[in-house]
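Novice: everything below, folded, please.
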Amino acid sequence: MIDITMPRLSDTMEEGTIAVWRKQPGDAVAIGDILVEIETDKATMEYEAYEAGTLTEILVPEGGVAAIGVPIARLDNGKDAGSKAPVATSVVGALENAPTVDLATGSEGAVTLDAPVNFESQEDAEHRVASPLVRRLAREHDLDLRAVRGSGPGGRIIRADLDGLLAVAVAEAEHSRGPAMPLASGPLLDAKRGTEEIPFTNVRRVIARRLGESARTVPHFYATAVADAEALVQLRNDLNDQLIAANRAKVSMNDMLIRACALALREHPLVNASYVNDASTTMLVHHRINVGVAVASNNGLVVPVIIDADQKTVSQLGAEAKKLVALAGSKGLSLDQMSGGTFTISNLGMYGVEEFTAIINPPEGAILAVGATTREPVGIGDEIVLRHRLRYTLSADHRIIDGALAAQFLQTLTSLLEHPLSLIV
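Specialist: Purely as a prediction, here's the structure:
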């Protein structure tokens, strides 16, 4: 009998949410079978079985959250349940294989653990036999876990064991707050606002944490430029007419922007860089140009990455971008497709937004916020004519990018967009 624990599926993952159990208790499991779909901080991933057997128990239900390393299910692999596994599968097992430690002082040799330990006699028993999720709920709702009998492996307290206590805590909170206060226990309706509570996905929680941290800790500064996009629009239209005639996929304005940014980064490599930390005496300059494309999906904001964007044609960039956007919409992006970015483009032009600023996506040093291409009156000689204009704002990390460098990058980008033949030759 073994525990199946929450795996680490990305380098920034701290906990995972069970999206769908593919196997149920009693089902036979073969090596390579998909056991469960887990929602991480970046995507929903399928998790395969690495041992064969029978799934005997699900410890974290669909929608439940567990920290990395916490048991989420149990598998009977046909081995003696009483034998010691190479990796401990419970708190008791972990301590039986650990050095003898004085539980009060932490010094070795003071207490032997040859016999089973009665954790209920310890003052901090609840911290030793409860999952991280349970401990968090206990803190949030002021629950006394000493009154809870754990139904998990080794008497571990799992989320399902808290249902009774949580119901009482919610009822008491509702009584003390009054009927007009919405509670955090689920979707409740506020009579005056018509409020519904919608749970954050794991991706949304991580977005909130990482972008909040970026906005607080990274010294952003912003520089806006505008390009005469008349030639760019005309070139795209001509290209698409030829591509349609050849029964090939059209290219978008965003595809040409990706190409232009990649070429501008090649000319200004210090923008394609990352800050290390306050103690570091160096910065990181990336010799490969990997452009992330911010995509708004039903699962939250994701940034798939086009590797070596400066080495690809506009058509190649368009085909790859379309594929990544489609995968983002179906939660099918892999971790590899969302890692390794050195610069990001966020384009809201398709929504009619003319100009905005974006938050840097760490550990990158800059992000470009692109608005809509609009027709505006422009003075050319003695005449006023309508021309397509495009605005974009660079958000830069002032620790590694100064104003002059940002201006030079935007100057190069503007020149490329105003002379678009350079993007396709």
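Novice: show me where this structure dips below the pLDDT cut-off.
Specialist: The chain contains residues with pLDDT under 70 at 11-12, 41-42, 80-129, 131-133, 151-154, 159-160, 163-164, 167-192, 299.
Novice: ok, now with 50
Specialist: 82-123, 125-128, 179-185, 187-188 (pLDDT under 50).
Novice: please tell me how far Phe343 sits from Ala328.
Specialist: 18 Å (C-beta to C-beta, to the nearest Å). Where you see a C-beta, it was placed from the backbone N, CA and C, and this is true even at glycine.
Novice: so what's the residue count around Asp142?
Specialist: Number of residues near Asp142 (other C-beta atoms under 10 Å) recorded here: 10.
Novice: that one and Leu162, how far apart?
Specialist: Distance, Asp142 to Leu162, by C-beta to C-beta: 12 Å.
Novice: which of the residues in stretch 242-260 are buried?
Specialist: With burial defined by 16 or more other C-beta atoms under 10 Å, the residues of stretch 242-260 counted as buried are 250-260.
Novice: what comes up buried for stretch 258-274?
Specialist: Applying 16+ other C-beta under 10 Å to stretch 258-274 flags 258-265, 268, 271-274 as buried.
Novice: cool, stretch 403-419 as well?
Specialist: Across stretch 403-419, burial judged by 16+ other C-beta under 10 Å covers 405-406, 409-410, 412-414, 416-417.
Novice: cool, stretch 26-43 as well?
Specialist: Quick answer for stretch 26-43 (16+ other C-beta under 10 Å): 29, 35-43.
Novice: closest to Asn77 out of those residues?
Specialist: Val29 (8.9 Å; C-beta to C-beta).
Novice: can you pull up the bridge partners for the closest one?
Specialist: Gly53 (DSSP bridges).
Novice: do I have it right that it meets Ala73?
Specialist: No - using C-beta atoms under 8 Å, Val29 is not in contact with Ala73, being 9.8 Å away.
Novice: anything in contact with each of the two?
Specialist: Common neighbours of Val29 and Ala73, counting by C-beta atoms under 8 Å, 6 or more residues apart in numbering, are 35, 55.
Novice: hang on, Met350 is in a helix, isn't it?
Specialist: Yes - the assignment for Met350 (DSSP: H, G, I helix; E, B strand; the rest coil) places it in a helix.
Novice: excluding its backbone neighbours, what's nearest it?
Specialist: Ala372 (7.5 Å; C-beta to C-beta, 6 or more residues apart in numbering).
Novice: got the buried residues for the helix or strand containing that neighbour?
Specialist: According to DSSP states H and E, Ala372 maps onto strand 366-380. Within strand 366-380, the residues that count as buried by 16+ other C-beta under 10 Å are 366-373.
Novice: need those residues in JSON lines with distance to Val295, can you?
Specialist: Shown next, in JSON lines, are the buried residues of strand 366-380 (distance: C-beta to C-beta, whole Å):
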{"residue": "Ala366", "distance to Val295": "19"}
{"residue": "Ile367", "distance to Val295": "14"}
{"residue": "Leu368", "distance to Val295": "15"}
{"residue": "Ala369", "distance to Val295": "14"}
{"residue": "Val370", "distance to Val295": "14"}
{"residue": "Gly371", "distance to Val295": "17"}
{"residue": "Ala372", "distance to Val295": "18"}
{"residue": "Thr373", "distance to Val295": "20"}
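Novice: among the residues you listed, which one lies nearest to Arg391?
Specialist: Using C-beta to C-beta, the buried residues of strand 366-380 come closest to Arg391 at Gly371, 4.6 Å.
Novice: what residues are up against that closest one?
Specialist: Remark: with contacts taken as C-beta under 8 Å, 6+ apart, Gly371 is in contact with 348-349, 353-356, 390-392.
Novice: just among those, which is most surrounded?
Specialist: The most crowded member of the contacts of Gly371, judged by other C-beta under 10 Å, is Tyr392 (26 neighbours).
Novice: can you pull up the bridge partners for that one?
Specialist: Beta bridges link Tyr392 to Ala225, Val370, judged by DSSP bridges.
Novice: pretty sure it sits against Val370.
Specialist: Yes - here Tyr392 reaches Val370: they are 4.7 Å apart, a contact under C-beta under 8 Å.
Novice: Leu257 reaches Val370, doesn't it?
Specialist: Yes - counting by C-beta under 8 Å, Leu257 touches Val370, with 6.0 Å between them.
Novice: so what sits against both of the two?
Specialist: 345, 347.
Novice: contacts only, for the residue located most distally from the centre of the chain.
Specialist: Ranked by distance from the centre of the chain (C-alpha atoms, centre = their mean), the top residue is Asp382, with 52.5 Å. Under the criterion of C-beta under 8 Å, 6+ apart, Asp382 has no neighbours.
Novice: gap between it and His388?
Specialist: Distance check for Asp382 against His388: by C-beta to C-beta, it reads 21 Å.
Novice: torsion angles phi and psi at the closest residue to Ala326 other than its chain neighbours?
Specialist: Among residues not flanking Ala326 along the chain, Gly332 sits closest, at 7.9 Å (C-beta to C-beta, 6+ apart). Per-residue torsions, Gly332: phi -100, psi 10 (degrees, to the nearest 10).
Novice: how many other residues sit next to Ile401?
Specialist: Residues near Ile401, counting by other C-beta under 10 Å, number 23.
Novice: quick one: it and Tyr222, what's the gap?
Specialist: Counting by C-beta to C-beta, the gap between Ile401 and Tyr222 amounts to 12 Å.
Novice: hang on, the earlier thing: among the buried residues of stretch 258-274, which one sits closest to Asp238?
Specialist: Among the buried residues of stretch 258-274, and counting by C-beta to C-beta, the member closest to Asp238 is Arg259, at 16.1 Å.
Novice: run the chain-centre distance for the helix or strand containing the closest one.
Specialist: Element membership of Arg259 [criterion: DSSP H and E] is helix 253-267. Counting by C-alpha atoms, centre = their mean, to the nearest Å, helix 253-267 is centred 25 Å from the centre of its parent chain.
Novice: what packs against it?
Specialist: Other elements packing on helix 253-267 under the criterion 3 or more C-beta pairs under 8 Å, 6 or more residues apart in numbering; DSSP states H and E are helix 230-245, strand 291-293, helix 314-329, strand 343-347, strand 366-380, helix 403-418.
Novice: closest to Val20 out of those?
Specialist: helix 314-329 (17.8 Å).
Novice: may I see the buried residues of that closest one?
Specialist: 314-315, 317-321, 324-325, 327-328.
Novice: with distance to Asp241 added, can I get those in JSON lines?
Specialist: JSON lines is the format used below for the buried residues of helix 314-329 (distance: C-beta to C-beta, whole Å):
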{"residue": "Val314", "distance to Asp241": "15"}
{"residue": "Ser315", "distance to Asp241": "14"}
{"residue": "Leu317", "distance to Asp241": "19"}
{"residue": "Gly318", "distance to Asp241": "15"}
{"residue": "Ala319", "distance to Asp241": "18"}
{"residue": "Glu320", "distance to Asp241": "22"}
{"residue": "Ala321", "distance to Asp241": "21"}
{"residue": "Leu324", "distance to Asp241": "26"}
{"residue": "Val325", "distance to Asp241": "24"}
{"residue": "Leu327", "distance to Asp241": "29"}
{"residue": "Ala328", "distance to Asp241": "29"}
